[in-house]
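Participant: Next input, structure requested:
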Amino acid sequence: MTRLIILDRDGVINEDSDNYIRSVDEWIPVPGSIEAIGRLSKAGYTLAVATNQSGIARGYYPMSELEAMHDKMNHLVQEQGGHIDCITFCPHGPDEGCQCRKPETGLVDQIEQRLGLPASGAWFVGDSLKDLQCARRKNCQPVLVRTGKGERTLAKGEELEDVPVFESLADFTDHLLGHP
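Facilitator: The predicted structure follows:
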């Protein structure tokens with residue numbers, strides 16, 4: 001099995017908002033998520049982020065602000081002794097017909113190309129049905145977390161068969177690494 005773990009961003013790594021995360025100040029980690037990424041990295045996993053960021057297409061924030069959010073995320077992870085190996089994002093709106101907006105697989109295709117690793121068999125941790133659908137299309141192992149939109153996704157109950165559910169990224173990490 002591959003040692004690749006793909007993470008959605010909003011709702012998995014950082015708190016999500018129905019009004020979008022529009023600034024570096026609004027980018028607030030989910031409790032325990034940064035530490036979890038550090039632990040996974042130190043355990044030898046390759047970590048990638050695949051995130052839809054339609055707020056760019058909608059004009060809610062510029063690319064420079066997204067870069068600042070990712071710089072903050074990377075810095076916090078590095079403080080925990082970890083490393084995010086690849087970040088991919090879709091800047092398009094939902095009606096643009098691109099191939100990178102989840103549930104399409106373009107972001108995962110980019111991860112495979114950049115890292116030279118197959119995504120098949122990788123864990124894909126998300127909080128939405130789009131994340132789970134993308135994971136399945138690339139033969140990844142989908143995981144749902146209850147943070148972010150996870151509770152809403154659970155309430156809908158669609159396409160959740162055989163999908164493990166965890167309270168958070170930290171809870172998933174405890175399970176994967178075999179210790180609390």
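
Participant: Need the phi and psi values for residue 176.
Facilitator: phi -70, psi -40 (degrees, to the nearest 10).

Participant: repeat for residue 123
Facilitator: With angles defined as degrees, to the nearest 10, residue 123 shows backbone torsions of phi -70, psi 140.

Participant: Surely it is in contact with residue 141?
Facilitator: Yes: with contacts counted by CB atoms under 8 Å, residue 123 reaches residue 141, the gap being 5.1 Å. Quick note: C-beta positions are derived from backbone N, CA and C, even for glycine.

Participant: residue boundaries of the helices in the chain?
Facilitator: Using DSSP state H, the helices of the chain run over residues 33-42, 63-79, 106-115, 129-137, 150-156, 169-177.

Participant: Show residues contacting stretch 66-76.
Facilitator: Residues from elsewhere that reach stretch 66-76, judged by CB atoms under 8 Å, 6 or more residues apart in numbering: 9, 13-14, 21, 23-24, 27, 29, 34, 49, 53, 56, 84, 87, 89, 91.

Participant: repeat for stretch 160-169
Facilitator: Counting by CB under 8 Å, 6+ apart, residues outside stretch 160-169 touching it are 7, 12-13, 30-33, 36-37, 125, 132, 142-147, 150, 153-154, 172, 175.

Participant: Let's see that with 7 Å instead.
Facilitator: When contacts are taken as CB atoms under 7 Å, 6 or more residues apart in numbering, the neighbours of stretch 160-169 outside the stretch itself are 12-13, 30, 32-33, 36, 125, 132, 142-147, 154, 172, 175.

Participant: ok, longest strand in this structure?
Facilitator: The strand that spans the most residues within the chain, counting by DSSP state E, is strand 46-52.

Participant: That one pairs with which strands, and in what direction?
Facilitator: Strand 46-52 has the following sheet partners, assigned by DSSP bridges: strand 4-7 (parallel), strand 86-90 (parallel).

Participant: Take that strand, keep the C-alpha atoms, and write them as PDB.
Facilitator: Taking C-alpha atoms only, strand 46-52 is exported to PDB below (Å, rounded to 0.1, in the frame of the first residue of the first chain):
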ATOM      1  CA  THR A  46       3.800  11.500   2.200                       C
ATOM      2  CA  LEU A  47       1.200  14.200   2.700                       C
ATOM      3  CA  ALA A  48      -0.700  16.100   0.000                       C
ATOM      4  CA  VAL A  49      -3.500  18.600   0.100                       C
ATOM      5  CA  ALA A  50      -6.300  18.700  -2.500                       C
ATOM      6  CA  THR A  51      -8.600  21.600  -2.000                       C
ATOM      7  CA  ASN A  52     -11.400  23.400  -4.000                       C
END
